[in-house]
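A.B. asks: quick check, what structure comes out for this input:
(chains A and B)
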Amino acid sequence: MSIVIEATSNDEPAASAAPVGTLPVEKSQPGKNKAVYASMVMAVLPPLTGIAFLVLVWQIIAVKNSNFPTPLVTLLEAIKLFSDPFYRTGPNDQGIGWNVLASLQRVGIGFGLAALVGIPLGFLIGRVRFLSGMFGPIISLLKPVSPLAWLPIGLLVFKSANPAAIWSIFICSIWPMVINTAVGVQRVPQDYMNVARVLNLSEWKILTKILFPSVLPYMLTGVRLSIGTAWLVIVAAEMLTGGVGIGFWVWDEWNNLNVPHIIIAIVVIGVVGLILEQLLVWLAKAFTYEQVSH
Amino acid sequence: MDIQNKFIDINAVEMVFETKRGSFHALRDITLNVLQGEFITLIGHSGCGKSTLLNLIAGLLKPSEGVLLCANREIAGPSPERAVVFQNHSLLPWLTCYENIFLGVERVFSATDSRTQLRERTRAALALVGLTAAEGKRPHEISGGMKQRVGIARALAMEPKVLLLDEPFGALDALTRAHLQDELLKIVTKTESTVVMVTHDVDEAVLLSDRIVMMTNGPAATIGDILEVKLARPRERVALAQDALYSQYRTSVLEFLYRKHAHPAKEAA
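C.D. replies: Residues are numbered from 1 along each chain as shown, chains lettered A, B, ... in the order given. Predicted coordinates:
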């Protein structure tokens, strides 16, 4: 029933949106078009107001404090910066594009390794009670540790800055994936497991046809949290390890006292984090299924 | 021993659940024989352990005492030979109707049948419940009645020795329910299945069953009475509404449920 109701309510805005532009029809439904227009304004206006407010506060701070660049100065600086994002004049002087890509590469490797280890581990912990009891205390103990506390261990073991940064990413982004996957496995509806038992499915079929699809939404939540943490950590880790990367770039510009670049970097870090998050939200939506209702 | 007369043989079964608040005696001294090709309904108030008894036959639960046999073999666990249609359909939401049925078919027949035969079996099961057109749809795209029909098709496609139905039409509206009951009657006649069905609907029980097993209230519920329904088949809903024998059966089930073993909550009130 609910599907039918949804379908008709979805049709309504589509039907009223279609005649926009053809004058006679538009005139015959002034109320409806007004409503569509109003909802569009309401969707755009609040975010724009928010951004305008932020810029205003920024402008006031910049006027009161001569060290702080105004929004306009920063914008001009950003245009200059992004006009050539991929230049290379030396190991410590590369375009912002290279810096972002270097950071993304580290996050990719660290996060990828964490997924390779964390997701299967989560499945095992969720499925085998003994392992859940065994890893429970370890996870509880290690999860709240700040990722940067792991950096010296990485430096000690790998004797090099780059693997140490990747190691920090790995160790901090593994926990959300382990925990969420394990919780997902434990929360597979008993009904599905009963189906598996009645059909007498093999372990492999249970894994591929029931556990995996059922756990996928939980797993993707873990992945989303992990990638968010990984992106948070990389900036801090790179500040300490140096080399090429957006985190190091921020530190470098601070040493140059180039404040507009620092602000641009903050915006870039935010935008990249937002894009990573959104990509995974879309992915999660595509794999979320309606559960059995009781 | 004659298998036909004791196709399902439930002998002195006791069921005690160990819970956090101590043990709960759900079923007491259940002894029941089901004939091959017979249609049995289990009826009783909610909490009388009728679903527990069905789960015992399915092998999803193990009895605390006593033995359950199916075709002279002890029921040690769930098996495709005793297919279950669950109350909430329990279709896997990420698979299409076709794939949901195919999963069971593949498991039971992949050793003996070719890929094409497996596909044919799945299509035949869909056709049996009249859902050929919906084979590519996922469960959330079809109505509650259709989901339940897919559940029945999934069970039947495995050619089970016994079909176990746990209030399969409980969540449906009256018209859809009547329609599916008629379909189930036709299908069971065609496939000559042995059926055990849990219900709380008196009309459903009388219309479908050869015997109605009436259960007393829990805790420690047991079989209170068994009513043999000697109505000729094929049965026709509208004609039976006028039938004197039909209303007599109906009355005696109602009598059992509301006079002799009224629901404990209502008795207290």
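
A.B. asks: can you give me the helices in the stretch 51-200 of chain A?
C.D. replies: Taking DSSP state H, counting those that start in this stretch, the helices of the stretch 51-200 of chain A run over residues A:71-83, A:96-127, A:129-142, A:151-158, A:161-186, A:190-199.

A.B. asks: pick the most deeply packed of the ones you listed.
C.D. replies: Comparing the helices of the stretch 51-200 of chain A by mean neighbour count (mean count of other Cβ atoms under 10 Å in any protein chain shown), helix A:161-186 ranks first with a mean of 24. C-beta coordinates here come from the backbone N, C-alpha and C atoms, glycine included.

A.B. asks: now do that one, average pLDDT.
C.D. replies: Taken as a whole, helix A:161-186 has a mean pLDDT of 91.

A.B. asks: show me what it is packed up against.
C.D. replies: With contacts taken as 3 or more Cβ pairs under 8 Å, 6 or more residues apart in numbering or on different chains; DSSP states H and E, helix A:161-186 sits against helix A:96-127, helix A:129-142, helix A:151-158, helix A:212-241.

A.B. asks: including mean pLDDT, could the ones you listed go into JSON lines?
C.D. replies: Listed next are the helices and strands packed on helix A:161-186 as JSON lines, based on pLDDT from 0 to 100:
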{"stretch": "helix A:96-127", "mean pLDDT": "91"}
{"stretch": "helix A:129-142", "mean pLDDT": "91"}
{"stretch": "helix A:151-158", "mean pLDDT": "90"}
{"stretch": "helix A:212-241", "mean pLDDT": "89"}
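
A.B. asks: export those as CSV, with columns for distance to chain B.
C.D. replies: Converted to CSV, the helices and strands packed on helix A:161-186 look like this (distance: least, Cβ to the nearest Cβ, whole Å):
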stretch, distance to chain B
helix A:96-127, 17
helix A:129-142, 17
helix A:151-158, 39
helix A:212-241, 4
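
A.B. asks: what's around B:Gln117, how many residues?
C.D. replies: Close neighbours of B:Gln117, defined as other Cβ atoms under 10 Å in any protein chain shown, add up to 13.

A.B. asks: now it: which helix or strand?
C.D. replies: Using DSSP states H and E, B:Gln117 sits in helix B:115-128.

A.B. asks: I figured B:Ala83 hits B:Asp166, correct?
C.D. replies: No: B:Ala83 lies out of contact with B:Asp166 (Cβ atoms under 8 Å); the separation is 11.5 Å.

A.B. asks: of the two, who's got more company?
C.D. replies: With neighbours defined as other Cβ under 10 Å, B:Ala83 and B:Asp166 compare such that B:Ala83 has more, 27 against 21.

A.B. asks: in the sheet, who's paired with the more buried one?
C.D. replies: Per DSSP bridges, the residues bridged to B:Ala83 are B:Leu163.

A.B. asks: how about the residues of the stretch 101-250 of chain B by chain A?
C.D. replies: By the rule Cβ under 8 Å from any Cβ of the partner chain, the part of the stretch 101-250 of chain B lying against chain A is B:Leu103, B:Gly104, B:Arg107, B:Arg138, B:Pro139, B:His140, B:Glu141, B:Ser143, B:Met158.

A.B. asks: quick revisit: and the helices and strands packed on helix A:161-186: which comes nearest A:Lys64?
C.D. replies: Ranking those by proximity to A:Lys64 (Cβ to Cβ) places helix A:212-241 first, at 27.7 Å.

A.B. asks: tell me the helix or strand right after that closest one.
C.D. replies: helix A:246-255.

A.B. asks: the next helix or strand after that next one: which residues count as buried?
C.D. replies: Counting by DSSP H and E, the element after helix A:246-255 in chain order, helix or strand, is helix A:259-286. The neighbour-count check on helix A:259-286 (16 or more other Cβ atoms under 10 Å in any protein chain shown) flags A:259-265, A:268-269, A:272-273, A:276, A:280, A:284 as buried.

A.B. asks: now helix A:259-286, how far from the centre of its chain.
C.D. replies: 7 Å (Cα atoms, centre = their mean, to the nearest Å).

A.B. asks: pull the helix or strand with minimum mean pLDDT from chain B.
C.D. replies: helix B:264-268 (a mean of 55; mean pLDDT, DSSP states H and E).

A.B. asks: pLDDT score for B:Ala232?
C.D. replies: 87.

A.B. asks: helix, strand, or coil at it?
C.D. replies: Three-state call for B:Ala232 (DSSP: H, G, I helix; E, B strand; the rest coil): coil.

A.B. asks: now it: phi and psi?
C.D. replies: Main-chain torsions, B:Ala232, degrees, to the nearest 10: phi -70, psi 150.

A.B. asks: and the gap between the closest residue to chain A within the stretch 101-250 of chain B and B:Gly170?
C.D. replies: Nearest to chain A in the stretch 101-250 of chain B, going by Cβ to the nearest Cβ, is B:His140, at a distance of 4.4 Å. The gap separating B:His140 from B:Gly170 is 20 Å, by Cβ to Cβ, to the nearest Å.

A.B. asks: please apply the same query to B:Ala155.
C.D. replies: Distance from B:Ala155 to B:Gly170, by Cβ to Cβ: 16 Å.

A.B. asks: those two - which one has more neighbours?
C.D. replies: B:Ala155 (27 against 15).

A.B. asks: dump the residue contacts of the more buried one.
C.D. replies: Contacts for B:Ala155 (Cβ atoms under 8 Å, 6 or more residues apart in numbering or on different chains) come out as B:Ala83, B:Val84, B:Val85, B:Gly104, B:Leu163.

A.B. asks: repeat that with 7 Å
C.D. replies: By Cβ atoms under 7 Å, 6 or more residues apart in numbering or on different chains, the residues touching B:Ala155 are B:Ala83, B:Val84, B:Val85, B:Leu163.

A.B. asks: dump those residues to TSV, plus pLDDT and distance to A:Gly136.
C.D. replies: Formatted as TSV, these follow (pLDDT from 0 to 100; distance: Cβ to Cβ, whole Å):
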residue	pLDDT	distance to A:Gly136
B:Ala83	91	38
B:Val84	91	34
B:Val85	91	38
B:Leu163	93	43
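
A.B. asks: out of the helices and strands packed on helix A:161-186, which is closest to B:Val196?
C.D. replies: Closest among those, using Cβ to Cβ: helix A:212-241, at 28.8 Å.

A.B. asks: could you give me the buried positions within the closest one?
C.D. replies: Applying 16+ other Cβ under 10 Å to helix A:212-241 flags A:213-241 as buried.

A.B. asks: how far out from the middle of the chain is that helix?
C.D. replies: On Cα atoms, centre = their mean, the centre of helix A:212-241 falls 7 Å from that of its chain.

A.B. asks: do stretch B:251-264 as well
C.D. replies: Distance, centroid of stretch B:251-264 to centroid of chain: 22 Å (Cα atoms, centre = their mean).

A.B. asks: quick one: contacts of it?
C.D. replies: B:Ile43, B:His45, B:Val202, B:Ala205, B:Val206, B:Ile212, B:Met214, B:Thr216, B:Asn217, B:Gly224, B:Asp225, B:Leu227.

A.B. asks: which residue is the nearest non-sequential neighbour of B:Asn11?
C.D. replies: Nearest residue to B:Asn11, sequence neighbours excluded (Cβ to Cβ, 6 or more residues apart in numbering or on different chains): B:Val67, at 4.9 Å.

A.B. asks: elements contacting the helix or strand where the one you found lies?
C.D. replies: In this structure, B:Val67 sits in strand B:65-70 according to DSSP H and E. If you count contacts as 3 or more Cβ pairs under 7 Å, 6 or more residues apart in numbering or on different chains; DSSP states H and E, strand B:65-70 packs onto strand B:8-19.

A.B. asks: quick check: buried residues in the strand it packs on?
C.D. replies: Buried-residue list, strand B:8-19, by 16+ other Cβ under 10 Å: B:Ile8, B:Asp9, B:Ile10, B:Val13, B:Glu14, B:Met15, B:Val16.

A.B. asks: show me what secondary structure element comes after it.
C.D. replies: Strand B:8-19 is succeeded, C-terminally, by strand B:22-34 (DSSP H and E).

A.B. asks: report the buried residues of that next one.
C.D. replies: For strand B:22-34, burial by neighbour count (16+ other Cβ under 10 Å) applies to B:Ala26, B:Leu27, B:Arg28, B:Ile30, B:Leu32, B:Val34.
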